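S.K.: can't give you the sequence, but here's the structure:
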């Protein structure tokens, strides 16, 4: 009986998340839509996402952030922001981590969401993973974004929906952009989302969400070798997950295994 009630409240909580995420978009849609057509309008969209949308959703779902910065994010130079990706909360958290406007590289499928999709496809770099031409266009759009002085945010894991893995292998896109444009990467790790708000609704609970950023990595250090840079950034994030004193992601993996194989 307890498990039934637990599942019921988890479903309600997840539905509440979607409601909260929708409210600011619906109310502010006229403003957001207008900003889409202004030359510097993205600055306004980012401000709304960072200071209104994200705290509204996170606080409304019972979460608060504790961000540990290795160093303040550098200004007046573009960077690529990279982290593990374990939850629908990750974009909202990323908006709170960075005060400097950045542009997401995200799935093209999200542009099909009514109303939100209108803003999303004009504010993000869209990619269709199954389309070679779409993947090539990412680099063209990234060049424009960097030229305009924005950072780029990419979640590089290949199969990030697999909750049984601590950290999947990385795609090369973020690191190719870094090498091609000779811009540094700021790696970071999200430590609690996999345990507290995973992709699936088998478990989760509100509370503190910890973020830890690391030293900025310059591609020049790796002779502008994409694979070496890829491996180094992945190791930084993986080590951050492994060294977590609360072992939050590891606990989530154990729970996931129990739900998949309850007999064991």
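M.R.: Structure received. Keep in mind that this is a model prediction, so the values were computed, not measured. Numbers count the residues shown, from 1 in each chain.

S.K.: what kind of secondary structure is residue 66 in?
M.R.: Recorded secondary structure, residue 66: strand (DSSP: H, G, I helix; E, B strand; the rest coil).

S.K.: now do the phi/psi pair for residue 217.
M.R.: phi -110, psi 120 (degrees, to the nearest 10).

S.K.: what count of nearby residues applies to it?
M.R.: 21 (other Cβ atoms under 10 Å). (C-beta placed from N, C-alpha, C; glycine too.)

S.K.: start at 9, not 1
M.R.: Sure, I'll start counting at 9 from here, so that last one is residue 225.

S.K.: now do it, the pLDDT please.
M.R.: pLDDT recorded at residue 225 is 96.

S.K.: find the nearest non-adjacent residue to it, please.
M.R.: Leaving out its chain neighbours, the residue that sits closest to residue 225 by Cβ to Cβ, 6 or more residues apart in numbering is residue 193, at 4.8 Å.

S.K.: can you count the residues close to the one you found?
M.R.: Neighbours of residue 193 under the rule other Cβ under 10 Å: 24.

S.K.: mind listing what it touches?
M.R.: Residue 193 makes contacts with 87-90, 182-183, 186, 224-225, 227, 237, 241, as judged by Cβ atoms under 8 Å, 6 or more residues apart in numbering.

S.K.: residue 184 versus that one, what's the distance?
M.R.: Residue 193 is 12 Å from residue 184, where distance means Cβ to Cβ, to the nearest Å.

S.K.: measure residue 249 to residue 200 for me?
M.R.: From residue 249 to residue 200 the distance is 11 Å (Cβ to Cβ).

S.K.: who's more crowded, those two?
M.R.: residue 200 (24 against 20).

S.K.: show the contacting residues for residue 189.
M.R.: With Cβ under 8 Å, 6+ apart, residue 189 has these contacts: 86, 150-151, 154.

S.K.: now do the same end-to-end measure for stretch 248-259.
M.R.: Start and end residues of stretch 248-259 are separated by 15 Å (Cα to Cα, to the nearest Å).

S.K.: swap in stretch 214-230?
M.R.: First-to-last residue span, stretch 214-230, Cα to Cα: 40 Å.

S.K.: from the chain's centroid, how far away is that stretch?
M.R.: On the basis of Cα atoms, centre = their mean, to the nearest Å, stretch 214-230 sits 12 Å off its chain's mean C-alpha point.

S.K.: tell me which residues of it come out buried.
M.R.: Using 16 or more other Cβ atoms under 10 Å as the test for burial, stretch 214-230 gives 217-222, 225, 227, 230.

S.K.: same deal with stretch 175-195?
M.R.: Neighbour counts over stretch 175-195 (16+ other Cβ under 10 Å) mark 175-176, 178-179, 181-187, 189, 191-195 as buried.

S.K.: ok, stretch 77-85 next?
M.R.: Within stretch 77-85, the residues scored as buried using 16+ other Cβ under 10 Å are residue 81.

S.K.: same thing with stretch 95-114?
M.R.: 95-106, 108-114.

S.K.: inside strands: which ones of those residues?
M.R.: Per DSSP state E, strands hold the following members of those: 110-114.

S.K.: which two in those residues are spaced the farthest apart?
M.R.: The span of those, defined through Cβ to Cβ, is set by 110 and 114 at 11.8 Å.

S.K.: out of the contacts of residue 193, who's nearest residue 34?
M.R.: Nearest to residue 34 among the contacts of residue 193 is residue 89, at 27.7 Å by Cβ to Cβ.

S.K.: three-state assignment of the closest one?
M.R.: strand.

S.K.: picking up where we left off before, ok, the ones in strands among the buried residues of stretch 95-114 vs residue 125, which is closest?
M.R.: The closest of those, once distances to residue 125 are taken by Cβ to Cβ, is residue 114, at 11.1 Å.

S.K.: spatially nearest residue to that closest one, not counting backbone neighbours?
M.R.: Nearest to residue 114 is residue 132, by Cβ to Cβ, 6+ apart, at 4.7 Å.

S.K.: how many neighbouring residues does the one you found have?
M.R.: 21.

S.K.: what separation is there between it and residue 176?
M.R.: Distance, residue 132 to residue 176, using Cβ to Cβ: 22 Å.

S.K.: fine, thanks again, bye for now.
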